[in-house]
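# need a structure here:
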Amino acid sequence: QVQLVESGGGLVQAGGSLRLSCAASGRTFSTYAMGWFRQAPGKEREFVARTNWSGASTYYSDSVKGRFTISRDNAKNTVYLQMNSLKPEDTGVYYCNRSPPQGGLWGQGTQVTVSS
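Predicted coordinates:
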């Protein structure tokens with residue numbers, strides 16, 4: 001059974017940076033594309049970024065393009081999200097999942113709060 005555990009969130013001022021991590025259990029991690037998603041208060045969960053199985057191909061939502069970077073380390077079964085130039089509208093709970101997401105894999109997420 002694959003489990004995903006997100007970490008690295010916190011409170012940061014606008015313009016600051018955070019690095020999120022998502023640790024995956026299971027031996028098939030490296031065969032799947034992975035993504036980051038977020039849910040702001042009162043809004044639906046939305047796509048943020050994705051990476052293919054090797055990390056060589058990435059894709060971002062327009063709202064984070066140029067500020068966020070997704071990467072992965074298959075040897076560590078971990079996917080990362082480097083977030084720079086954070087804005088208050090980046091506030092929310094951040095989740096990782098396969099891409100496209102699989103319903104049964106949603107974890108607890110990690111809270112990111114950006115103050116103005």
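
# tell me the contacts of the residue most central in space within the chain?
The residue lying closest to the centre of the chain (C-alpha atoms, centre = their mean) is residue 36, at 3.0 Å. By C-beta atoms under 8 Å, 6 or more residues apart in numbering, the contact list for residue 36 reads 20, 22, 48, 49, 50, 68, 70, 79, 81, 94, 95, 96. Quick note: C-beta positions are derived from backbone N, CA and C, even for glycine.

# One more: residue 33?
50, 51, 52, 53, 98, 99.

# May I see the buried residues of stretch 5-20?
Within stretch 5-20, the residues scored as buried using 16 or more other C-beta atoms under 10 Å are 6, 8, 9, 12, 18, 20.

# Would you reformat these as CSV and include secondary structure, distance to residue 106 and pLDDT?
Rendered in CSV, the data for these read as follows (DSSP: H, G, I helix; E, B strand; the rest coil; distance: C-beta to C-beta, whole Å; pLDDT from 0 to 100):
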residue, secondary structure, distance to residue 106, pLDDT
6, strand, 10, 98
8, coil, 17, 98
9, coil, 16, 98
12, strand, 24, 98
18, strand, 20, 98
20, strand, 15, 98
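
# Distance to residue 42 for those residues - can I get that in CSV?
Below are the buried residues of stretch 5-20 laid out as CSV (distance: C-beta to C-beta, whole Å):
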residue, distance to residue 42
6, 21
8, 24
9, 19
12, 21
18, 22
20, 22
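
# And those residues, which two are furthest apart?
Spatially, the most separated pair among those is 6 and 12, at 16.1 Å (C-beta to C-beta).
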